[in-house]
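K.L.:
Generate a structure from the sequence data that follows.
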Amino acid sequence: MPISATPTPPPPLSSSPSASSCKSPSPPARTKSASRFSNNPPVPPVELLQPFDREKIDPINTAGIPEIDWVSISGPLKPASPGDTPSRRRIFTCRPAANSDPIPCARQILSALARRAYRRPVTDTDIERLLTYFQHSQTANQTFDAGIENALAFILVNPQFLFRAESSGHLNDIELASRLSFFLWSSIPDDELLNLAAAGKLNEPPVLEKQIRRMLTDRRSDALIQNFFGQWLYLRNLKATSPDQQIFPDFDDNLRQAFLRETDLFTESIVREDRSVVDLLTANYTFLNERLAKHYGIPGVYGNQFRRVTLTDSARQGLLGQGSVLTVSSYANRTSPVLRGKWILMVNGCVYMIGSSKVISISR
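P.N.:
Alright, predicted model coming up:
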């Protein structure tokens, strides 16, 4: 049988009309296309690509309080003796000789402790009462140190140590020394101040001015910056203030502490440099580190160390341009003219210089 050059088509799969009517889909027509890329494609701003400045997102603890799980302290393990520490050397200014009367040495120690604790010269009655507690321990065959400890415990619970009692009317020199010391140092008067008060010379204007300047140059006057200005400017409220993290995502406790440090250094400079009180509102400088300068948009400041920076933006001058003051006088998600106005009226609506008619009007 000869082979046909034309192949015979295969039989249909089905003889049903529906099958015979099916047709294979035609391949899509091939078309030419071209793509064109813009010379200036839209890109997100750089700020969106940078991580937040805050350390972490903490939806539970947003008050800036350090988180500590637990702390364990052990020791001293099997101590042979109480040891020799600066605080013990300051208390035990003498030691009784072996087989000698311990009362003279105890009297010397307790007189010095009571004088500092009561913030006044002590009387014989004060010392005899303390020696009663010392001798009670000696009767119980306790050590010399235990006797001093027993008398010291009485001093620490004595109302004359716990409270500052002042007479009505004009302050005497002893009361003036305590008030001055607790205001400037938040602590008890030192020996020089007490000696002048006991001699009745502290109320003399030249002596008083000299002592105030001496106390302000002492590092213990840092307490004045932290306590007085912290209370007066309501900076203590900053610890419990947490701006809305959805609106201010870069805010964290590091920035909060930077706010406080800036105001502390600024107010300290006003006091220690004896500057005008008007500079609290108009000074053209502040103290910044890199984090705070970046927050304010001030270039050229690097590192964690705070340094004095001259301000070119008048809106940042003085207390009313500092983040600490602006934060405590605002809501968590927006500023508040009512809160800030109340803060200005209560703190420093106008600053009048004694002997001067200059008045600083506030319009920020």
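K.L.:
can you count the residues close to residue 279?
P.N.:
19 (other Cβ atoms under 10 Å). All C-beta spots, glycine's among them, are computed from the backbone N, C-alpha and C.
K.L.:
how close does it get to residue 319?
P.N.:
10 Å (Cβ to Cβ, to the nearest Å).
K.L.:
swap in residue 292?
P.N.:
15 Å.
K.L.:
Also residue 189?
P.N.:
In this view, residue 189 and residue 319 are 31 Å apart by Cβ to Cβ.
K.L.:
Please apply the same query to residue 327.
P.N.:
For residue 327, the distance to residue 319 - Cβ to Cβ - is 12 Å.
K.L.:
more crowded one of these two?
P.N.:
Neighbour totals were compared for residue 327 and residue 319, and residue 319 leads with 23 against 20 (other Cβ under 10 Å).
K.L.:
and the more buried one, what pLDDT?
P.N.:
At residue 319, the pLDDT value in this model is 92.
K.L.:
Over to the one 10 residues further on?
P.N.:
Reading off the per-residue confidence, residue 329 sits at a pLDDT of 91.
K.L.:
Repeat that for residue 361.
P.N.:
pLDDT at residue 361 comes out at 44.
K.L.:
Just the endpoints, please. Distance across stretch 231-250?
P.N.:
Distance between the boundary residues of stretch 231-250 (Cα to Cα, to the nearest Å) amounts to 27 Å.
K.L.:
Check stretch 191-207 too.
P.N.:
Terminal-residue distance, stretch 191-207 (Cα to Cα): 15 Å.
K.L.:
same question, stretch 235-242
P.N.:
Stretch 235-242 end-to-end distance (Cα to Cα) = 13 Å.
K.L.:
That one - what's its average pLDDT?
P.N.:
88.
K.L.:
Also stretch 148-168?
P.N.:
91.
K.L.:
likewise stretch 203-221?
P.N.:
For stretch 203-221, mean pLDDT is 93.
K.L.:
What of stretch 261-273?
P.N.:
So the average pLDDT for stretch 261-273 ends up being 93.
K.L.:
Export it to PDB, keeping only CA atoms.
P.N.:
Extracted C-alpha coordinates of stretch 261-273, given in PDB (Å, rounded to 0.1, in the frame of the first residue of the first chain):
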ATOM      1  CA  ARG A 261      20.100  68.400  83.000                       C
ATOM      2  CA  GLU A 262      19.900  71.400  80.700                       C
ATOM      3  CA  THR A 263      17.700  73.300  83.100                       C
ATOM      4  CA  ASP A 264      19.900  72.300  86.100                       C
ATOM      5  CA  LEU A 265      23.100  73.600  84.400                       C
ATOM      6  CA  PHE A 266      21.300  76.700  83.200                       C
ATOM      7  CA  THR A 267      19.900  77.700  86.600                       C
ATOM      8  CA  GLU A 268      23.200  76.800  88.200                       C
ATOM      9  CA  SER A 269      25.100  79.200  85.900                       C
ATOM     10  CA  ILE A 270      22.700  82.000  86.800                       C
ATOM     11  CA  VAL A 271      23.400  81.400  90.600                       C
ATOM     12  CA  ARG A 272      27.100  80.800  90.500                       C
ATOM     13  CA  GLU A 273      27.900  83.500  88.000                       C
END
